[in-house]
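Student: pasting the sequence and the predicted coordinates here, then a few questions.
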Amino acid sequence: MMQAKSLITSALKRSSPLTSSIALRQIHVEKRIEELNIELPSPSQPKANYNIVCHAAGNMLYVSGHLPIKADGTLCTGRVGPNGGGRTIEEGYEAARHCGLNIISTLKNQLGDLDRVEQIVKVFGIVNSTTCFKEQHLVMDGCSDVLMEVFDKPVGYHARSAIGTSTLPLDMVVEVEAIVQIKPEE
Amino acid sequence: MMQAKSLITSALKRSSPLTSSIALRQIHVEKRIEELNIELPSPSQPKANYNIVCHAAGNMLYVSGHLPIKADGTLCTGRVGPNGGGRTIEEGYEAARHCGLNIISTLKNQLGDLDRVEQIVKVFGIVNSTTCFKEQHLVMDGCSDVLMEVFDKPVGYHARSAIGTSTLPLDMVVEVEAIVQIKPEE
Amino acid sequence: MMQAKSLITSALKRSSPLTSSIALRQIHVEKRIEELNIELPSPSQPKANYNIVCHAAGNMLYVSGHLPIKADGTLCTGRVGPNGGGRTIEEGYEAARHCGLNIISTLKNQLGDLDRVEQIVKVFGIVNSTTCFKEQHLVMDGCSDVLMEVFDKPVGYHARSAIGTSTLPLDMVVEVEAIVQIKPEE
């Protein structure tokens, strides 16, 4: 209801100061995060000669591959699947959710305000898998689900690919990169 | 029919000499698919909390990872390569071709008219491979070839990456995602 | 020379205070490559039904997966990691550097002038790895480092993902694809 109202307000005022409608929307996403009782991890920092995100034409934000780091700072490691994997689908799902939360934390850190996300465009998830594990899509649901919980349709409704691989940096369970369209800065 | 008319009208409005060729192109791609005797599979549907495509700035369409599903609905499964692979390069090529056809079917379903494709920009193919198989590029040619058969140069002439991996969702032979630039809606 | 002139003219026409710095930058990148004593490999050529790059909306250039080919034409092959890998992290790093140089050579060939690179937006590197190798990020530093040496911040400061896999086309050590924003043609 609030959303409808702010949309109408914003439509009414396009070329005027957007302040009030922005003020309304300002706390939308972050309030939902609170309501969901989600604790965001610390935002990722560049670790080598590359950036956490890169801003390109069309207000597209390219988000580097993110790790499944929990809010307490520990990294989810291991391979999903039977026969030497040690990680269950549920643990993989949880790890992919943490990747999503780390991406959200990076977005908040970069944008200041998560309501500046126009569209979660695309996520690509790579799941550390035993050779016989073939349910990487169920693992990646952990990332897709949390993006939808937080941003909802249409903003959070993204394209996605999920693949398996035999090994990932630092033995992380799953790595996720993203492409996000943002609103132009006011 | 309405769409064809509006395209022609809009071409006329631009007073461009391209008018007649645009009118001709209107049924160009789907006619070629018929001439090639290609039967498109049913368009993919979202299976979880993500979309089959996502439309972003610049009329870019991000196409989720597509599976090698044949027109009869069966999925091409298995690993390409000797030593426990079971799938030949030819079978891999055929599977990649099916991925391409599934992407085309999705585009048709999303755009209504395949002549609205401005450019197949990029495809990324991941081939389910035995450890000793090193010809993933020959497998992915199945996808590139069908995109070029259907869209031709310059529209179908895309950038591409091909890699191997040890395992994919549902044991599919190859997965392909794409980025496609579309014409703005009239 | 003609190109330099037209760039300066166009800068002047914009009556922008950036005129002199643009004129300076014109030979900036290629001079730096000389100063760094870097020998670029020959530009890649299309090998099948796809292109080396694809130009899309927003002056985005999608660069196909590039191989680690040395300036002398030899390909870096093998798997990084202990237990049957045979390639050290240092050799992997060197190979990733060669991928970066091949991408730069392709950009030079496509753009004429490397100062037309507006932003190295994103690189994605896939490292041929033994199952127990978990330092793909250290391998990909070879690519990131050379991009930063050549383009520096902010132009060369990119987003990145690095993953491992069990096998790559032609047994190459590492494959890198890129997204690059270019300046509009004058």
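Tutor: Structure's in. What do you need?

Student: distance from stretch A:95-111 to the middle of the chain?
Tutor: Relative to the centre of its chain, stretch A:95-111 is centred 5 Å away, using Cα atoms, centre = their mean, to the nearest Å.

Student: say whether chain B is contacted by it.
Tutor: No - using Cβ under 8 Å from any Cβ of the partner chain, stretch A:95-111 never reaches chain B; the gap is at least 10.8 Å. C-beta here means a position set from N, CA and C on the backbone, and glycine is covered the same way.

Student: for chain A, what lies in contact range of chain B?
Tutor: Residues of chain A found near chain B (Cβ under 8 Å from any Cβ) are A:57-60, A:119-124, A:129-137, A:141, A:144-145, A:147-148, A:157-166, A:179, A:181.

Student: among those residues, which are located in strands?
Tutor: A:60, A:119-124, A:159-165, A:179, A:181 (DSSP state E).

Student: and the strands in chain A?
Tutor: Assigned strands in chain A, in chain order: A:53-56, A:60-66, A:79-80, A:86-87, A:117-128, A:159-165, A:174-182 (criterion: DSSP E).

Student: the longest helix along chain A versus strand A:174-182: what angle between them?
Tutor: Longest helix in chain A by number of residues (criterion: DSSP state H): helix A:89-111. Here the directions of helix A:89-111 and strand A:174-182 differ by 40 degrees (axes from the mean of the first three to the mean of the last three Cα atoms, to 10 degrees).

Student: packing partners for helix A:89-111?
Tutor: Secondary-structure packing of helix A:89-111 (3 or more Cβ pairs under 8 Å, 6 or more residues apart in numbering or on different chains; DSSP states H and E): strand A:60-66, strand A:79-80, strand A:117-128, helix A:136-151, strand A:174-182.

Student: who in chain A is up against chain C?
Tutor: Counting by Cβ under 8 Å from any Cβ, chain A sits next to chain C at A:47-54, A:56-58, A:60, A:62-65, A:124, A:126, A:165-171, A:175, A:177.

Student: what residues does A:Glu94 make contact with?
Tutor: Residues near A:Glu94 by Cβ atoms under 8 Å, 6 or more residues apart in numbering or on different chains: A:Cys76, A:Gly142.

Student: tell me how far it lies from A:Lys70.
Tutor: Here A:Glu94 is placed at a distance of 9 Å from A:Lys70 (Cβ to Cβ, to the nearest Å).

Student: before we move on, back to that, which PyMOL command selects the buried ones in the residues of chain A next to chain C?
Tutor: A single PyMOL command selects the buried members of the residues of chain A next to chain C (16 or more other Cβ atoms under 10 Å in any protein chain shown):
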select buried, chain A and resi 49+50+51+52+53+54+56+57+58+60+62+63+64+65+124+126+165+166+167+168+169+175+177
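
Student: report the separation between A:Asp145 and chain C.
Tutor: From A:Asp145 across to chain C, the span is 21 Å (Cβ to the nearest Cβ, to the nearest Å).

Student: same deal with A:Met148?
Tutor: Separation of A:Met148 from chain C (Cβ to the nearest Cβ) stands at 22 Å.

Student: next, count neighbours for that residue.
Tutor: As a burial measure, A:Met148 scores 20 neighbours (other Cβ atoms under 10 Å in any protein chain shown).

Student: contacting residues for it?
Tutor: A:Met148 sits in contact with A:Gly156, A:Tyr157, B:Asn49, where contact means Cβ under 8 Å, 6+ apart.

Student: mean pLDDT for the strands of chain A - can I get that in JSON lines?
Tutor: Shown next, in JSON lines, are the strands of chain A (pLDDT from 0 to 100):
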{"stretch": "strand A:53-56", "mean pLDDT": "97"}
{"stretch": "strand A:60-66", "mean pLDDT": "98"}
{"stretch": "strand A:79-80", "mean pLDDT": "98"}
{"stretch": "strand A:86-87", "mean pLDDT": "92"}
{"stretch": "strand A:117-128", "mean pLDDT": "98"}
{"stretch": "strand A:159-165", "mean pLDDT": "98"}
{"stretch": "strand A:174-182", "mean pLDDT": "98"}
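
Student: can you dump the C-alpha atoms of stretch A:125-143 in CSV for me?
Tutor: Coordinates of each C-alpha in stretch A:125-143 appear next as CSV, following Å, rounded to 0.1, in the frame of the first residue of the first chain:
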residue,chain,number,x,y,z
GLY,A,125,26.5,-19.5,-9.0
ILE,A,126,29.2,-22.1,-9.0
VAL,A,127,28.8,-25.0,-6.6
ASN,A,128,31.8,-27.0,-5.2
SER,A,129,30.5,-30.5,-5.9
THR,A,130,31.5,-34.1,-5.8
THR,A,131,31.4,-35.7,-9.2
CYS,A,132,28.1,-37.4,-8.6
PHE,A,133,26.3,-34.4,-7.2
LYS,A,134,23.7,-33.1,-9.7
GLU,A,135,21.4,-30.7,-7.8
GLN,A,136,23.4,-27.5,-7.9
HIS,A,137,20.1,-25.7,-8.7
LEU,A,138,18.7,-26.6,-5.3
VAL,A,139,21.8,-25.2,-3.7
MET,A,140,21.6,-21.9,-5.6
ASP,A,141,17.9,-21.6,-4.5
GLY,A,142,19.5,-20.4,-1.2
CYS,A,143,20.8,-17.3,-3.0
